[in-house]
Structures are given as C-alpha cells and as structure tokens.
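Asker: predicted model and sequence below, questions to follow.
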Amino acid sequence: MAKIEDSLLLALEALKPYLPDIVISGGWVPFVYHSYLGTTRPAHKPLGTKDVDITVPADLLPGERPSLREILQNENVEERRGGMPLGHFGPKGVEETIYEFTKDGVEIELTFMTPRRGKDERPAAAIPAGVVATLLRYVDVLLVSNMKVRIKDQTSQGQPIDVEATFPTPEAYCYQKGL
C-alpha cells in the first residue's frame, strides 16, 4: 500500500529537470525539514497530503529542457480549475489550476504559485515554462530565501528517489506563512 509520502517523492522525480529553479513551498515543507534535515522531530508527524505546492518565478523559461507542460503531458496530467478563497490576499476566483496525475498507483496533485506584483488583479497567469500559476502576494520571499535539500529515499513500492530539491529556509517559510 502506498504511503502518503509517495506523492511528494514521485512529484519530485517527475519535476527533476526543474528542481533547481522551483521551490517546493506548501505543507510538505515541515515534513522535509524533519525527515531529511535531521531537525528535532515533533510529537506528531507533520500532516501530508497528495497535493504539492510549488512556487515558480514568473519568468521561468524552459531553456534547453522540455517545458513544464511537456513534462506534465508525459505524465498524462489532467488539468482542473478550482476556486481559491483568498480574501484580502487576492481576488477570489476559479483560477487555481490543479495538475493531477497518477504514477505507480499514487495520486498526485500539483499547484503552481508565482508572485503577484503591483496592481495586477488577475487571479492567475501563464508562465513561459508552460503552466498556469496562481498569483499570490509574498511568495517571492520563498524564491529569494531558500536552500537545497538532498532527498535520497524510496517509495513504498521500492522505487529509489535521489534528487536535490529547493525548499524555503525555515525562516522564510515561517515569515511567508505569517504574511
């Protein structure tokens, strides 16, 4: 039976060409701190879900690698639009794009976020790497204060995962959550 952690591990493996340029930034961050950085373990295991939130620079280009869209299409991703009740942090709307796929029997959801700048009121924007990212204020903190984390593990099915992914520093993660 698959573990919930398989969602994160398989998402990282699928996004391997982009891991130097994107920041894994959602609820998986505390799990990574405690599982791969050797920080003091909490009394209760951090909650994990099948969705992986990813912060991307607004100007992220594919360069020599396949676009994010091509990588996701190779995983047979389905796009689903959903609403985000953002209140005063941004407009409410149906512009959150969730990219869903199943890999090795594990359901994975990816959501991309990018910084909202100035008076831009759009709920989301297409970025040059080929995905739609939700525009949010303050996520640029995660893009400028981050660290590389080596994740060497295996899925519950025994697939080895050995990647170096980018995560916010603990300070940036807490600061951005507070904002």
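Answerer: Great, that's in hand.

Asker: Glu64 in helix, strand or coil?
Answerer: Assigned with DSSP: H, G, I helix; E, B strand; the rest coil, Glu64 falls in the coil class.

Asker: same check on Phe31?
Answerer: helix.

Asker: so it touches Leu9, yeah?
Answerer: No: counting by CB atoms under 8 Å, Phe31 stays clear of Leu9, with 10.9 Å between them. Where you see a C-beta, it was placed from the backbone N, CA and C, and this is true even at glycine.

Asker: neighbour-wise, which of these two wins?
Answerer: Taking other CB atoms under 10 Å, Phe31 and Leu9 do not tie; Leu9 has more neighbours (23 against 16).

Asker: ranges for the helices of the chain?
Answerer: 5-14, 28-36, 68-74, 140-144, 170-178 (DSSP state H).

Asker: roughly how far out does stretch 130-144 sit from the chain middle?
Answerer: 10 Å (CA atoms, centre = their mean, to the nearest Å).

Asker: what are the contacting residues of it?
Answerer: Contact partners of stretch 130-144, identified using CB atoms under 8 Å, 6 or more residues apart in numbering, comprise 23, 25, 55-58, 62, 67-70, 72, 79, 84, 86, 89-90, 95-97, 99, 111-116, 120, 122-127, 168, 172-173, 175-176, 179.

Asker: sitting in strands, which of those residues do you find?
Answerer: For the contacts of stretch 130-144, the ones inside strands are 23, 55, 79, 84, 95-97, 99, 111-115, 124-126, 168, with DSSP state E as the criterion.

Asker: name the nearest residue to Gln159, ignoring sequence neighbours.
Answerer: Setting aside the residues directly before and after it, Gln159 is nearest to Asp104 in space (CB to CB, 6 or more residues apart in numbering), at 6.6 Å.

Asker: the lowest-mean-pLDDT helix or strand in the chain pairs with which strands?
Answerer: Here the helix or strand of the chain ranked lowest by mean pLDDT, DSSP states H and E is strand 78-84, holding a mean of 77. When pairing is defined by DSSP bridges, strand 78-84 lines up against strand 93-103 (antiparallel).
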